[in-house]
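Participant: kindly return the folded structure for what I paste below:
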Amino acid sequence: MKRIDYTRFQNLRELVDKQQKEEVQERKGQSLEKLKKKWNCHSCGKDYLRLMIYDHPIKGICYYRKCVTPSCGHRTAMKPYTKEVEGITEAGEVKEKGEENET
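Facilitator: Predicted coordinates for the structure are as follows:
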């Protein structure tokens, strides 16, 4: 019976992990660009609408979208937050459909 070369196994495992991380980063980048196009500010056209999540004391978790361009300030109406809401948060984090809120 042959012995498995442990260092070679570790090197292969590290390579696979690295490739998987790169694929995840690439998908996130593509998702970010897609959402930037989808939520482009129609008022000024210079930026995109950020997803602003707010824990309202009476209504519960709500959200609105806001353009952060100083000369614009366009925003949408506040709506109840669900798992189906997608967008880019104020911190630049991508929220995709089906993700839970972490506020």
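
Participant: quick check: phi and psi on residue 70?
Facilitator: Per-residue torsions, residue 70: phi -50, psi -40 (degrees, to the nearest 10).

Participant: now do it, the pLDDT please.
Facilitator: pLDDT, residue 70: 87.

Participant: again, but for the one 5 residues further on
Facilitator: Looking at residue 75, its pLDDT stands at 90.

Participant: check the one 5 residues further on too.
Facilitator: Reported pLDDT at residue 80 in the predicted model: 94.

Participant: now the closest residue to it other than its chain neighbours: which helix or strand?
Facilitator: Using CB to CB, 6 or more residues apart in numbering and skipping residues adjacent in sequence, the residue nearest residue 80 is residue 62, 5.7 Å away. Bear in mind the C-beta positions are built from the backbone N, C-alpha and C, glycine included. Using DSSP states H and E, residue 62 sits within strand 60-67.

Participant: repeat for residue 11
Facilitator: Assigned by DSSP H and E, residue 11 belongs to helix 6-38.

Participant: C-terminal to that helix, what's the next element?
Facilitator: Counting by DSSP H and E, the next helix or strand C-terminal to helix 6-38 is strand 49-56.

Participant: remind me which residues of the protein are low pLDDT?
Facilitator: 1-4, 99-103 (pLDDT under 70).

Participant: center of it - which residue?
Facilitator: residue 94 (0.5 Å; CA atoms, centre = their mean).

Participant: and that residue, how far from residue 28?
Facilitator: Plainly put, residue 94 is 6 Å away from residue 28 if you go by CB to CB, to the nearest Å.

Participant: got it, and residue 47?
Facilitator: Using CB to CB, we find residue 47 at a distance of 20 Å from residue 28.

Participant: what's the answer for residue 8, then?
Facilitator: Separation of residue 8 from residue 28 (CB to CB) stands at 31 Å.
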